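Asks: quick one, structure for this:
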Amino acid sequence: MTDHLRPRIFGIGLNKTGTTSLHEALQILGYTSLHYGGPETMASIRKAIVDRKPVLHYVDPAYDAFSDTTITHYYHLADVQYPGSKFILTVRDLDGWLSSRRRHVEKNQQRKAAGEYHDDFLKVDVERWTAEFQRHYGAVRSYFADRPDDLLVYDVVGGDGWETLCAFLDRDVPEAPFPRKNVYSPYVPEGHVSEARGQ
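Replies: Next up is the predicted model:
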């Protein structure tokens, strides 16, 4: 197995489910993590799929972990192409997720108008989003149903933190506080100053 095909960590939750928090947590744990990566990264992953190559073929092989990328929807390919990888499904309740996505799109629209946003996540479509949410989470749980060691269902908004993540990845719990980024939640761990911004 080449280094390029070594096992990785794939965050496969939809955006606005704590993917930024997961990304920063993985960095604290010492992983080289890529979060989103912009249109160029998305295009590179899609090109690999079209070219029938491993999904990371055109992505810098230095990265150990990925979140909020096109791979979210092609986890089955990553699973086959990178044996031994770990998958983390970030989750949250549907109503909270829809509200967060709506706020995110509205901010994108404002940034687009100001010439600061150049991607295409610009339309609020609650019906389509709801179907996407139900389809994706049902499919992932079904795919990994008999493989609990390979999939972590991880609820950052609901309070999951270091203990759950580190146990799954066989890492020691760090002294740094868990990075809860861009998520609104009534849950605030004792002694933790929330950095939520209603996203």
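
Asks: let me know the secondary structure of residue 159.
Replies: When classified by DSSP: H, G, I helix; E, B strand; the rest coil, residue 159 comes out as coil.

Asks: now the worst-scoring helix or strand of the chain on mean pLDDT - C-alpha only, CSV.
Replies: Between all helices and strands in the chain, the lowest mean by mean pLDDT, DSSP states H and E belongs to helix 94-113, at a mean of 87. Coordinates of each C-alpha in helix 94-113 appear next as CSV, following Å, rounded to 0.1, in the frame of the first residue of the first chain:
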residue,chain,number,x,y,z
LEU,A,94,-33.2,18.1,12.0
ASP,A,95,-34.9,21.4,13.1
GLY,A,96,-31.7,22.8,14.4
TRP,A,97,-29.8,21.8,11.3
LEU,A,98,-32.4,23.4,9.0
SER,A,99,-32.2,26.6,10.9
SER,A,100,-28.4,26.6,10.9
ARG,A,101,-28.3,25.9,7.2
ARG,A,102,-30.8,28.7,6.5
ARG,A,103,-28.6,31.2,8.4
HIS,A,104,-25.5,29.9,6.6
VAL,A,105,-27.1,30.4,3.2
GLU,A,106,-28.4,33.9,4.1
LYS,A,107,-24.9,34.9,5.1
ASN,A,108,-23.5,33.5,1.9
GLN,A,109,-26.0,35.6,-0.1
GLN,A,110,-24.9,38.7,1.8
ARG,A,111,-21.2,37.9,1.1
LYS,A,112,-22.0,37.1,-2.5
ALA,A,113,-23.6,40.5,-2.9
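
Asks: show me how far it is from its chain's centre.
Replies: Helix 94-113 sits 17 Å away from the centroid of its parent chain (CA atoms, centre = their mean, to the nearest Å).

Asks: and the angle from the next helix or strand after it to helix 94-113?
Replies: Using DSSP states H and E, the helix or strand that directly follows helix 94-113 along the chain is helix 126-143. Angle between the axes of helix 126-143 and helix 94-113 is 120 degrees (criterion: axes from the mean of the first three to the mean of the last three CA atoms, to 10 degrees).

Asks: by contact count, what packs against helix 126-143?
Replies: For helix 126-143, the packing partners by 3 or more CB pairs under 8 Å, 6 or more residues apart in numbering; DSSP states H and E come out as helix 75-81, strand 86-90, helix 94-113. (Glycine included, C-beta is placed from N, CA and C.)
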